Structure formats: structure tokens, C-alpha cells
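*Asks:* for reference, the sequence and a predicted model appear below.
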Amino acid sequence: MATLKDVVRQGMVLIVPMYSVPNKPIVRPVANEPLIEFDGIECQTLIELIELIEATPSLLPLIENDLQCLSELNDGTPMLSTWVQINDFKVHFFDLIIKAANEESKSILANQMKTWGQGTNNCTEVCFDFFRK
């Protein structure tokens, strides 16, 4: 399995709200929900913040247990993907994403992510896609 050491530090990370399709072993992006894209310094900051959870060994597996290369971009850039259940995301990663965001984006992202998994938003998990080294 891959680890965060296999991720390009100043590459890109996509954070996508997903939902489980009833009676099928697949997930899909939540309709009408924009994904979050961090690149450059925001990506590096988020990865560094996630790595800080190594101090709590039970948390790092939330990212690394399923981290694997399942896709690539049109230009052939391999991606490492992992999925985190919505409750774990909100408890362990929500604040890290806000900290990593640029100042202009913080409140927009906070409001956007607060709706994930609530009301008509059927988000059940969050996908993280990173550039692979």
C-alpha cells in the first residue's frame, strides 16, 4: 500500500464528497457539490498537517489504509486515492482543511463542508486524490 511519502508535496489534492450507491458496491460524487482543489502551498500544507496526526497512530490509517493508485489524469499523471467516512472526515480532517486553505477560501470551504452528510446532501464519505510521485 502507498503512504503519504508517495505523494507529490506541492502537487494537487482533490477533496470530493461521495455517496454510496444503494445496493451497489460503488460510490459516486454527490450531485451539485463542487470538489475542493488545493495545489502548490495549500496542498503541501494539508499534507504536512495530515502527517502531524502520526502523533496519534490511530488516525493516520484513516488516510493510508486505502491509499492506492486507481486512476491517472489525461496527461498520464498517476493519482493516489483514498476514502474517509463522513463522520471521521468531520471529526479529524475538517479543521485541517480549513487551516490549509488560503485566507479568502476559509469561510467558503467551512460553509460548504458543513453541509456534507446533512439534510438532502447524501455524502457518506470523502475521497482524497493526490498526485503520486
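*Replies:* Everything's here; your move.
*Asks:* list the contacts of the helix or strand of the chain with the lowest mean pLDDT.
*Replies:* Ranked by mean pLDDT, DSSP states H and E, the helix or strand of the chain with the weakest confidence is helix 40-51, at a mean of 78. Applying C-beta atoms under 8 Å, 6 or more residues apart in numbering, the contact partners of helix 40-51 are 4, 7, 9-13, 38, 60, 63, 93, 96-97, 99-102, 130. Where C-beta positions appear, they are placed from N, C-alpha and C, glycine not excepted.
*Asks:* go with 6 Å
*Replies:* Identification of contacts with helix 40-51 by C-beta atoms under 6 Å, 6 or more residues apart in numbering yields Leu4, Val7, Arg9, Gln10, Gly11, Met12, Val13, Phe38, Ile63, Leu96, Lys99, Ala100.
*Asks:* buried members of those residues into ChimeraX, please.
*Replies:* ChimeraX command restricting those to the buried ones, with burial defined by 16 or more other C-beta atoms under 10 Å:
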select :4,7,9,11,12,13,38,63,96,100
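*Asks:* nothing else from me, thank you.
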